[in-house]
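[1] please work out how this folds:
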Amino acid sequence: MGSLLPTFIVFFAVIDPIGTVPVFVAVTQQHSAKDKRRIAVRASLIAACVLLFFVVAGEPILTAMNIPLEAFEIAGGIILFLFAISMIFGESKPEEEVKLVREAHETAIFPLAVPSIAGPGAMLAAVLQTENQRFGLVEQVQTTAVMFSVLLIAMLLMLASSHVQRLIGDSGASIISRVMGMILAATAVTSILGGIRGYFGL
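    Okay, here's the model as predicted:
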């Protein structure tokens with residue numbers, strides 16, 4: 001269980017279920033309670049399918065393109081670090097993605113499922129946390145289950161969005177998003193260092 005906790009923290013940081021709540025509230029403010037429930041479930045299922053695709057096919061695609069996994073780990077770590085920096089110093093996830101709502105039509109898919117839940121950081125994490133060279137099949141299944149558990153938390157928070165929104169507000173979600181950004185930055189640096197060690201055989 002201890003080894004799964006860091007994985008849970010990584011996915012919780014990149015998926016950011018709490019930061020998804022203000023986005024969901026903005027997307028569904030004109031919908032009925034029944035439609036809100038349908039959108040929350042559909043968005044979660046779509047995000048799960050997207051991330052599962054990267055778990056299953058992400059590494060084979062890299063192999064087919066003759067890209068060393070260490071190179072992807074370094075590149076992914078850099079991108080995750082930039083993503084984390086934007087969470088810490090830039091506009092937080094709720095503030096940035098709420099702006100996408102104005103032009104959104106299929107709200108369950110965009111901007112809710114992608115990029116709010118299954119964003120670039122989550123896609124990269126799905127690949128990096130299930131590397132075939134580092135993790136066996138059982139560990140990959142456990143990691144996928146952890147990822148799905150975070151998606152389940154995101155769905156439950158969306159279903160209870162009105163209560164969560166009143167409890168923490170937009171500012172509370174922004175603060176939590178920045179804390180998650182700091183954790184994600186440390187994880188990204190670890191990924192970069194691991195890729196450098198693997199590539200140069202240190």
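
[2] how about the nearest residue to residue 6 once chain neighbours are set aside, what does it touch?
    Spatial nearest neighbour of residue 6, chain neighbours left out: residue 187 (7.9 Å); criterion: C-beta to C-beta, 6 or more residues apart in numbering. For the C-beta atoms, the positions are set from N, CA and C on the backbone; glycine is no exception. Residues in contact with residue 187 (C-beta atoms under 8 Å, 6 or more residues apart in numbering) are 6, 9-10, 13, 80.

[3] helix or strand for residue 187, which one?
    Per DSSP states H and E: residue 187 is located in helix 161-200.

[4] name the residues of that helix that are buried.
    The neighbour-count check on helix 161-200 (16 or more other C-beta atoms under 10 Å) flags 161, 164-165, 168, 170, 172-174, 176-178, 180-181, 183-185, 187-188, 191-192, 194-195, 198 as buried.

[5] tell me the mean pLDDT for it?
    The pLDDT scores in helix 161-200 average 84.

[6] repeat that for stretch 34-44.
    94.

[7] now do that stretch: distance to the chain's middle.
    18 Å (C-alpha atoms, centre = their mean, to the nearest Å).

[8] ok, and what's touching it?
    24, 27-28, 31, 107-109, 112-113, 116-117, 151-152, 154-155, 158-159, 161.

[9] redo that, cut-off 10 Å
    The contact list for stretch 34-44 (C-beta atoms under 10 Å, 6 or more residues apart in numbering) reads 17, 20, 23-25, 27-29, 31-32, 106-114, 116-118, 148, 151-162.

[10] where does pLDDT dip in this structure?
    Scanning the chain with the threshold set as pLDDT under 70 gives 1-2, 90-106.

[11] dead centre of it: give me the residue that sits there.
    In the chain, the C-alpha nearest the mean C-alpha coordinate belongs to residue 15, at 2.5 Å (C-alpha atoms, centre = their mean).
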